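*Asks:* Any chance you could fold what I've pasted below:
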Amino acid sequence: MAKSQQYQPPRRKEPGLIGQLFSALVQLVVWLVISLMLSIIIEWLGMIWFWPEQGADHAKAVLAADKAYLNRQFYDQSLAIRNDVISITHEATGWIARQSWLNTLLYNAPDVPDGSFFSSLQAWGYGLYQRFDDYLQASTYVTQTFVIRLALILFSLPIFLVAALVGGVDGLVERDLRRWGGGRESSNVFNLARRSVVPSFVAACVVYISLPFSINPVIVILPFAFLLGVAVRIGFERLKKYF
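*Replies:* Take a look at the predicted model:
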């Protein structure tokens, strides 16, 4: 009687380069949406506990300060694409400011007889809108700030590229020294460093976008760029000595 062969499940096919890039792009978009929601929640909590006397004016002041950081990019004419990105950003913020659909829906609603269910519902909607109008206005300002900070992060990409380049070159030098010196292999350290590259950039985006106050983007971007460079350096340093 022939021995029954043990069933071996098929090996899971690893995604290719395009699949990995698409997956990373989707994850980045998800984290950006989470950052936007988090920044709105932080602003609302601040309006309740930390700056109740300012209300939506706090988010408006943050928006004005970030616009000033963005307008400073006009002075650098080294890249022609800068003006295009800034123009698109201003158009996007203007479009967001014009999206007062809730106000239009409430105040342009058809007249209904008094005492009916729809009149009570309409009155309840008016009262609810007037009560939370300040919070809705603050969320509009925060969304505009979100778009501006995305543009500022786009202008900060060269910092991450330079940090990754310096870290990669230094890591390759250390790899050659380890190769000729008979250093030990450490795949665990390599995998940990490799998996820390993308989170370093994503964390910079999340932290900068979620800040409830205006700050020079370099102060936030530079530490995370340094961490990304360290992760790239360790990854190249711990790369296999022989292939």
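
*Asks:* mind checking how far the helix or strand hosting residue 205 is from the chain centre?
*Replies:* Here residue 205, judged by DSSP states H and E, is contained in helix 197-210. In terms of CA atoms, centre = their mean, to the nearest Å, the centre of helix 197-210 is found 6 Å from the chain centre.

*Asks:* Send me it as CSV with only the CA atoms.
*Replies:* C-alpha atoms of helix 197-210 as CSV (Å, rounded to 0.1, in the frame of the first residue of the first chain):
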residue,chain,number,x,y,z
VAL,A,197,12.1,53.1,6.5
VAL,A,198,8.5,53.7,5.4
PRO,A,199,7.1,54.2,8.9
SER,A,200,9.7,57.0,9.4
PHE,A,201,8.2,59.0,6.5
VAL,A,202,4.6,58.2,7.4
ALA,A,203,5.2,59.2,11.0
ALA,A,204,6.6,62.5,9.9
CYS,A,205,3.4,63.1,7.8
VAL,A,206,1.1,62.1,10.6
VAL,A,207,2.8,64.1,13.3
TYR,A,208,3.1,67.3,11.2
ILE,A,209,-0.4,67.2,9.9
SER,A,210,-1.9,66.5,13.4
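
*Asks:* Now the element after that helix, going C-ward?
*Replies:* Next along from helix 197-210, by DSSP H and E: helix 217-237.

*Asks:* quick one: low-confidence ranges for the chain?
*Replies:* Applying pLDDT under 70 to the chain flags residues 1-17, 20, 73-80, 99-131, 181-186, 240-243.

*Asks:* 90 instead?
*Replies:* 1-29, 31, 47-56, 67-140, 154-158, 168, 170-200, 214-218, 234-243 (pLDDT under 90).

*Asks:* Can you give the domain ranges for it?
*Replies:* 34-154, 156-243 (automatic domain parsing).

*Asks:* sec struct for residue 144, please.
*Replies:* Put simply, residue 144 is helix when judged by DSSP: H, G, I helix; E, B strand; the rest coil.

*Asks:* residues of the helix or strand containing residue 22 that come out buried?
*Replies:* Residue 22 is part of helix 17-45, with elements assigned from DSSP H and E. Across helix 17-45, burial judged by 16 or more other CB atoms under 10 Å covers 31, 32, 35, 36, 39, 40, 43, 44. Where you see a C-beta, it was placed from the backbone N, CA and C, and this is true even at glycine.

*Asks:* now stretch 132-143
*Replies:* For stretch 132-143, by 16+ other CB under 10 Å, it's 134, 135, 137, 138, 139, 140, 141, 142, 143.

*Asks:* Show me what stretch 45-53 is in contact with.
*Replies:* 54, 55, 56, 58, 134, 135, 138, 212 (CB atoms under 8 Å, 6 or more residues apart in numbering).

*Asks:* That's all I had, so thanks and see you.
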